[in-house]
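Asker: Predicted model and sequence follow; I will ask about them next.
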Amino acid sequence: MDDILFTRIHIFDVEHGACNVIHTPNNKIIMIDCGHNSSTGWRPSSWIVQNQLTITNLTIANIDEDHVSDLPNIAKMCKPQTLKTNWNLTADWVEKKKKENGGIGSGVATLIDYMKNVFTGESITIDYDIERVRFCLGPSQFDDFNNLSMVNFYFYGGIGIVFPGDLQKEGWGKLLQNSSFQECLKKTHILIASHHGRIDGYCKEVFDYCSPHIVIISDKAIEHETQLHDEYSDHASGIWFGDTIRKVLTTRKDGKITIDIKPDAKYTIYINS
């Protein structure tokens with residue numbers, strides 16, 4: 001992407017997990033979560049190495065194992081330059097809550113080590129050539145990791161996309177009380193469905209402010225009733241794919257989804273890319 005002024009976004013097929021990459025116009029790499037696909041063997045660490053890329057920033061939207069399952073390999077093979085997590089949570093608090101809730105997987109254990117021992121002190125300031133806005137709640141408001149997800153907005157060329165992690169209806173409701181959060185939703189055109197499109201991540205009131213063109217769901221094949229709902233299609237205006245208008249895309253049906261956003265408020269979405 002050298003010398004090409006557009007932003008490329010990948011939503012990878014990692015089944016019931018999350019892994020996304022934003023390749024910025026000035027050739028920086030933002031990775032949002034780092035889950036992997038246990039069926040195909042695809043891992044973000046291998047993808048980064050094969051493409052000879054450097055992770056400028058690793059953003060963890062939700063501190064659950066399915067969002068960080070490949071972090072041990074990333075730590076060994078392609079350590080990120082910077083890390084961003086919910087700034088209201090300390091490593092000790094995360095460790096304590098995970099132990100109370102049944103244990104710590106290898107991905108979360110690596111993240112705790114990163115928070116405690118690797119990414120300490122002042123954050124490095126980096127120019128990404130795109131606007132980033134983040135919101136998150138604290139443990140005084142919620143003590144479950146889903147509602148403590150960090151909601152990440154990215155804006156480029158007049159187009160907005162939001163990655164809300166696994167935020168559930170209650171967390172949406174609390175953040176919707178923030179006028180700055182409302183304004184970011186108004187500028188959002190592409191919505192990544194919260195909690196892998198599960199019904200508990202859907203909040204109708206979000207769409208009082210957000211009128212997305214399309215909703216994208218990162219999830220595995222349908223196994224549970226919580227996956228069987230169609231509310232998102234009621235809110236999206238839709239995008240033409242050939243002779244069909246699609247309002248919702250899913251990695252389980254469409255594979256890896258890639259979005260190219262140009263500076264003139266135009267974008268193209270590629271499926272099975």
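Answerer: That came through, no problem.
Asker: ok, and what's touching whatever helix or strand residue 174 lives in?
Answerer: Element membership for residue 174 (DSSP states H and E) is helix 169-175. Identification of contacts with helix 169-175 by C-beta atoms under 8 Å, 6 or more residues apart in numbering yields 135, 137, 141-142, 146-149, 151, 164, 167, 181, 194, 200-203, 205-206. Where you see a C-beta, it was placed from the backbone N, CA and C, and this is true even at glycine.
Asker: Toward the C-terminus, what is the element adjacent to it?
Answerer: Per DSSP H and E, the first helix or strand lying C-terminal to helix 169-175 is helix 179-186.
Asker: Show the subsequent helix or strand relative to that following helix.
Answerer: strand 190-192.
Asker: What strands flank the following helix or strand past that next one, and is each parallel or antiparallel?
Answerer: Remark: after strand 190-192, the chain's next helix or strand is strand 214-217, criterion DSSP H and E. Strand 214-217 has the following strand partners under DSSP bridges: strand 190-192 (parallel), strand 248-250 (parallel).
Asker: Now do the buried residues in strand 214-217.
Answerer: 214, 215, 216, 217 (16 or more other C-beta atoms under 10 Å).
Asker: pLDDT on that strand, on average?
Answerer: On average, the pLDDT along strand 214-217 is 97.
Asker: Put the alpha carbons of stretch 146-162 into PDB.
Answerer: These are the backbone C-alpha positions of stretch 146-162, laid out as PDB (Å, rounded to 0.1, in the frame of the first residue of the first chain):
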ATOM      1  CA  ASN A 146     -18.200  -8.100  27.800                       C
ATOM      2  CA  ASN A 147     -19.600  -4.800  29.100                       C
ATOM      3  CA  LEU A 148     -16.000  -3.700  29.800                       C
ATOM      4  CA  SER A 149     -15.200  -4.000  26.000                       C
ATOM      5  CA  MET A 150     -13.400  -1.000  24.500                       C
ATOM      6  CA  VAL A 151     -15.500   0.500  21.700                       C
ATOM      7  CA  ASN A 152     -13.200   1.600  18.800                       C
ATOM      8  CA  PHE A 153     -14.300   4.100  16.100                       C
ATOM      9  CA  TYR A 154     -12.200   4.800  13.100                       C
ATOM     10  CA  PHE A 155     -12.800   7.500  10.600                       C
ATOM     11  CA  TYR A 156     -11.200   8.100   7.200                       C
ATOM     12  CA  GLY A 157     -12.300   9.900   4.000                       C
ATOM     13  CA  GLY A 158     -15.700  10.700   5.500                       C
ATOM     14  CA  ILE A 159     -16.400   7.000   6.300                       C
ATOM     15  CA  GLY A 160     -16.700   5.600   9.800                       C
ATOM     16  CA  ILE A 161     -16.500   2.100  11.100                       C
ATOM     17  CA  VAL A 162     -16.900   0.800  14.700                       C
END
